[in-house]
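K.L.:
Give me coordinates for this.
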Amino acid sequence: MAKINQVNQEVLANVKGIYNTLEVINSGNIFDLPKDSLALVKETVEIHQFDKLFAEAHWIFRNHLTKMRNRLDVDIMFKTGVETFDYDFREKVLKKGAPFQSVDELKQYFDSPCIMVGVKGQTKDMIKRDIDIVLNQFNHATVNVYCENTTAIKPDPQLKEWFYNEYKWLDDIKHLEILWNNTDFGVGD
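P.N.:
Numbers count the residues shown, from 1 in each chain. Prediction:
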């Protein structure tokens, strides 16, 4: 824990407060941060007088989001890794552990879904539906183009290429963050 807190302190010490918003990304959940790191986040919010904090939380923490908002005393936009709105693919293939049944149910808790495209087994129709949902039902969303990693889930290069050709215009949509795998497409941040 001491090393995690040390690293977080070093990172937060470099925050300048230029954009009036802080994003806390830790590859999972803000709830996984040690209490000392959360105290550093709160202190950073106060020092820079941030109006908004972006943080990620898994579905299992949905009933604790208000507690975190109260603890940090700032408007928090909670992101969550939905991966897809296709229930069967999300729960049976990806084994996400986010068994919400509808977009409205998700919206009761979370502000910003993170979806994933380019996964083996995913279909163009699934992706089209997911993009339609994030474009039309949320004020903010993230679209991640799937990258090869150590899990059993594999990317679908043809689907990723189709997605890039069909949806590269999403880069111009202000309420979406598109995370392209730039080694596949020669684009990205």
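
K.L.:
any idea how far residue 111 is from residue 127?
P.N.:
22 Å (Cβ to Cβ, to the nearest Å). For every residue, glycine as well, the C-beta is placed using N, CA and C.

K.L.:
neighbour-wise, which of the two wins?
P.N.:
residue 127 (23 against 18; other Cβ atoms under 10 Å).

K.L.:
Quick check: phi and psi at the nearest residue to residue 94 once chain neighbours are set aside.
P.N.:
Leaving aside its sequence neighbours, residue 94 sits nearest to residue 83 (Cβ to Cβ, 6 or more residues apart in numbering; 5.3 Å). Per-residue torsions, residue 83: phi 70, psi -50 (degrees, to the nearest 10).

K.L.:
Please tell me I have it right and residue 83 contacts residue 97.
P.N.:
No - applying Cβ atoms under 8 Å, one finds residue 83 not in contact with residue 97, separated by 10.7 Å.

K.L.:
Please identify which of those two sits among more neighbours.
P.N.:
Neighbours per residue (other Cβ under 10 Å) separate residue 83 from residue 97, with residue 83 holding more: 24 against 11.

K.L.:
Pull up the per-residue confidence for that one.
P.N.:
For residue 83, the model assigns a pLDDT of 96.

K.L.:
hey, what's it bridged with?
P.N.:
For residue 83, the beta-bridge partners are residue 115 (DSSP bridges).

K.L.:
so what's it up against?
P.N.:
By Cβ atoms under 8 Å, 6 or more residues apart in numbering, the contact set of residue 83 is 90, 94, 96, 98, 114-116, 119.

K.L.:
rerun at 10 Å
P.N.:
If you count contacts by Cβ atoms under 10 Å, 6 or more residues apart in numbering, residue 83 has them with 89-91, 93-94, 96, 98, 113-117, 119, 122, 130, 144, 146, 153.

K.L.:
how near is it to residue 114?
P.N.:
Distance, residue 83 to residue 114, using Cβ to Cβ: 8 Å.

K.L.:
Could you do residue 70 as well?
P.N.:
24 Å.

K.L.:
Which of the two has more residues huddled nearby?
P.N.:
The neighbour count for residue 70 versus residue 114, taken as other Cβ under 10 Å, is higher for residue 114 (18 against 10).

K.L.:
List phi and psi for the spatially closest residue to the more buried one that is not a sequence neighbour.
P.N.:
Counting by Cβ to Cβ, 6+ apart, the nearest residue to residue 114 once its immediate chain neighbours are dropped is residue 142, at 4.2 Å. Note on residue 142: its backbone torsions stand at phi -120, psi 140 [degrees, to the nearest 10].

K.L.:
and residue 142, how many neighbours?
P.N.:
20.

K.L.:
What segments of the chain are helices?
P.N.:
Ranges of helices within the chain are 2-13, 35-48, 65-72, 87-88, 103-107, 124-137, 157-167, 182-185, based on DSSP state H.
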